[in-house]
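[1] let me see the structure of the following:
(2 chains)
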Amino acid sequence: MTLRLNEVTKRFGSFTAVDHLSIEIPEKQIFGFLGANGAGKTTTFRMILGLIDQTEGSISWNNGKIGYDQSHLIGYLPEERGLYPKLKVKEQLVYLSKLRGMSKSEALKEVDQWLERFKVPDYHNKKVEELSKGNQQKIQFISAVLHKPKLLILDEPFSGLDPVNVEMLKQAVVDLKNAGTSIVFSSHRMEHVEELCENLCILHKGKPVVRGGLKDIKRSFGKKNIHIKADFDTSFLERVAGVTKYKPLSEGCRLQVENESVASDVFEQLYGKGFVRTFDLEEPTLNDIFIEKVGASYE
Amino acid sequence: MNKFFTILAHTYKNRVKSKAFIITTIITIMLILVVSNLQSIIETFSGDQDAKQVAVLSEDAQWQESLSQVLASNDDLSIQSYDGTIEEAKQEVEDGDYEAAVSMKEGANGLPEGTFYSNQIANTSVSETIRQSLQQVKASVATERANVDQQVLQEITAPVAFELVALKDQAKSQEELNQTRGIVYIMLFFMYISVLMYGNMISTEVATEKSSRVMEILISSVSPVSQMFAKILGIALLGLTQFALFVIVGYFSIQRSQQLGQASFLDSVGLTNVDPGTIVYALVFFILGYLLYATLAATLGSLVSRLEDAQQLMVPMTLLVVAAFMIAVIGLGTPDSKFVTISSYFPFFTPLIMFLRVGMLEIPAWEVGLSLVILVGSIVLLGWIGARVYRGGVLLYGKSSSLKDIKSALQIAKREK
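    Got it, this is the predicted structure:
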């Protein structure tokens, strides 16, 4: 059940929120969906879920549009967290999963297991407003996955969590993927995306500026990073042709170069200048790519 | 459909358990019990008291005799002639031996004049009785002097026979009308309160889900349209629950007080002998009116981002209900006026005003039918518009909460294909 978006466009009046977006999200994968604030991620999610209609293009999953008849197969964690503040955790989760087509007894069993897994088994009868923000988020995450969806959309699932809880939720996401759920995942934390996603798409002002497999994206980006530690001043490297960025560090510097051949130029320039402790040619990080693609057009 | 009932049941259960519901229900039931037993309650407080003693000092023994006769049938007052001086009498009133003292003197024309002494003159029930009785005494003294026969005097003072007869067969008789006016007023008031109360409940319900942002999860599970109508029906069931409780309590309480033979007050407002037709009309107009206003309330509620803004956006709706109620109250006296007739076809006024007309007048069936068609048509239309606004409105978050947002909501909800 591949999720396909074909030339999807959404306009609100004269404003184009999403502009000819075509992506394919294969089954049983975690797909990273990146973009600055206001890039059109939430609008895209809402179109995938069928909450709003696209102006142009088509979206298909499971041989058709996603409608309310399939809502038991879909899980959604919206970016804006929201639960009934006055309801108890158990009532809340049972109600929300009944709306996703679960029976009460089934839901209760799952609630127990998930609360146990997230190490909050004593929260059953607490009101949501009594919980800390991080714990509310766990409850919200449970509400998105309780009914074992086939397609799970997670909008910023880890924001506002401490590292221990991030690991706990990350593991849950990976387990869900291994159990056969396709997951679309948006985040501003590039290291999470690098860790979890095989395929991704970076959206900028509604347009996809980068998309494909993580490795391909890194390779085709071309630019590489060089980390140098040396006992002498390296600032002259900034002037080497092909060096696009120079950042001095306490002992040495970090360079961004256009391609590998520039790296060998740099290496030759260093030769004979003194003792070089480290010369490390690194793959570009997703962070570099994101900033380059999205930040460049900000200027 | 299953999810529809899940939401309906959730809405109903949460509200039935809520403190607000329990408290308003209990208070209203207590009010019903008090009103239906008003007579017994008043008697409990006043029944045991002895008749109030009034000391009378009269210059003419004949006058005093007449006054006693006039007041003979009054159990609350007991007239006693007082032999002492007026100063002594006043002292005894101050000491509490007498409720009041009355001195009668001969005035300019030889007719009696009275002075009433009491510790407090704010409570006029005693002084007024005495004054009226003295008036009668004076009249009889005056007529006697003019040599008018006692027989003639009685004929003069006897109340005139005056009966109102409606010429149209079906028109309501005077007595019926008085009764109907009572029951119609009670029903109008009830409708007014419940439309406002349940309408607010619905908009708060929607606004709470929006402001707590749980709405985004809900609409990804269940279509906004079924959510909206499940809520409207859930609250409707709540209203009917409350209504049923009131009717049951009211019925038994009235039965009881009737058995005790204390129903005269209830008779006068028509509560003991309600025309079943009126009840049916009340129920029909109540349900339709509720649906109309509830749809409006849900639509308005879907537009606000914060709970605090809900009240503000509800103002237009509240004004409509208040206007309908005002017209209805004025219309109680003149149910056949043109203004009332015309406004009874305006859908937002129909539930109250057409009900008033049906209750007070005999109007042709087609008129009622027409107004019902307009009303049902408006509900369907408003439901259709409301569902579209709701669909977009629940995704709409902004600082402004105004009716302009309807346009933005429709834009979001726009069906592109």
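
[2] make it CA atoms for all contacts and neighbour counts henceforth
    OK.

[3] and residue A:30, what is it in contact with?
    Contacts here follow C-alpha atoms under 8 Å, 6 or more residues apart in numbering or on different chains; on that basis residue A:30 touches A:177, A:182-185, A:196-199.

[4] phi and psi next, for it.
    phi -110, psi 120 (degrees, to the nearest 10).

[5] likewise for residue B:368?
    The phi/psi pair for residue B:368 (degrees, to the nearest 10) is phi -60, psi -40.

[6] just say helix, strand or coil for the residue lying closest to it once chain neighbours are set aside.
    Leaving aside its chain neighbours, residue B:368 sits nearest to residue B:354 (7.2 Å; criterion: C-alpha to C-alpha, 6 or more residues apart in numbering or on different chains). State at residue B:354, reduced to three classes by DSSP: H, G, I helix; E, B strand; the rest coil: helix.

[7] any chance of TSV for the contacts of residue A:30, columns distance to chain B and pLDDT?
    As requested, these are arranged in TSV below (distance: C-alpha to the nearest C-alpha, whole Å; pLDDT from 0 to 100):
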residue	distance to chain B	pLDDT
A:177	21	91
A:182	17	90
A:183	16	92
A:184	15	91
A:185	16	88
A:196	24	88
A:197	24	88
A:198	26	87
A:199	25	89
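
[8] which pLDDT value goes with the residue nearest to residue B:368?
    Note for residue B:354: predicted pLDDT of 89.

[9] if I look at it, how far off is chain A?
    40 Å (C-alpha to the nearest C-alpha, to the nearest Å).

[10] highest neighbour count among the contacts of residue A:30?
    residue A:183 (27 neighbours; other C-alpha atoms under 10 Å in any protein chain shown).

[11] burial of the residue of the stretch 51-200 of chain A found nearest chain B, as a residue count?
    Nearest to chain B, among the residues of the stretch 51-200 of chain A, is residue A:82, at 4.2 Å (C-alpha to the nearest C-alpha). Per other C-alpha under 10 Å, the neighbour tally for residue A:82 reads 21.

[12] confidence score at it?
    pLDDT at residue A:82 comes out at 81.

[13] quick one: contacts for it?
    By C-alpha under 8 Å, 6+ apart, the neighbours of residue A:82 are A:140, B:212-217.

[14] how about residue B:329?
    Residue B:329 touches residue B:185, counting by C-alpha under 8 Å, 6+ apart.

[15] that one: which element?
    helix B:307-331 (DSSP states H and E).

[16] ditto for residue B:305
    Going by DSSP H and E, residue B:305 is not part of any helix or strand.

[17] that one and residue B:395 touch, don't they?
    No. Taking contacts as C-alpha atoms under 8 Å, residue B:305 lies outside contact range of residue B:395: 9.4 Å.

[18] which one's more surrounded, these two?
    residue B:305 (26 against 22).

[19] just the pLDDT for that one.
    For residue B:305, the predicted pLDDT is 78.

[20] repeat for residue B:327
    90.

[21] interface residues of the stretch 151-300 of chain B facing chain A?
    Contact residues (C-alpha under 8 Å from any C-alpha of the partner chain) of the stretch 151-300 of chain B with chain A: B:209, B:212-223.

[22] which of the contacts of residue A:82 has the most neighbours?
    residue A:140 (25 neighbours).

[23] now for that one: which residues touch it?
    By C-alpha under 8 Å, 6+ apart, the neighbours of residue A:140 are A:77, A:81-83.

[24] likewise residue A:229?
    A:251-253, A:276-279.

[25] can you list those residues in CSV and add neighbour count, secondary structure and pLDDT?
    CSV is the format used below for the contacts of residue A:229 (neighbours: other C-alpha atoms under 10 Å in any protein chain shown; DSSP: H, G, I helix; E, B strand; the rest coil; pLDDT from 0 to 100):
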residue, neighbour count, secondary structure, pLDDT
A:251, 13, coil, 82
A:252, 21, strand, 84
A:253, 19, strand, 87
A:276, 16, strand, 86
A:277, 12, strand, 87
A:278, 12, strand, 87
A:279, 16, strand, 87
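
[26] and of those, the nearest to chain B?
    Using C-alpha to the nearest C-alpha, residue A:253 is the member of these that lies nearest chain B, at 46.4 Å.

[27] residue most distant from the centroid, chain A?
    Residue farthest from the centre of chain A, counting by C-alpha atoms, centre = their mean, is residue A:272 at 44.5 Å.

[28] any weak-confidence spans in the stretch 1-150 of chain B?
    B:1, B:46-50 (pLDDT under 70).

[29] quick check: residues of the stretch 101-250 of chain A near chain B?
    For the stretch 101-250 of chain A, the contact set with chain B under C-alpha under 8 Å from any C-alpha comprises residue A:101.
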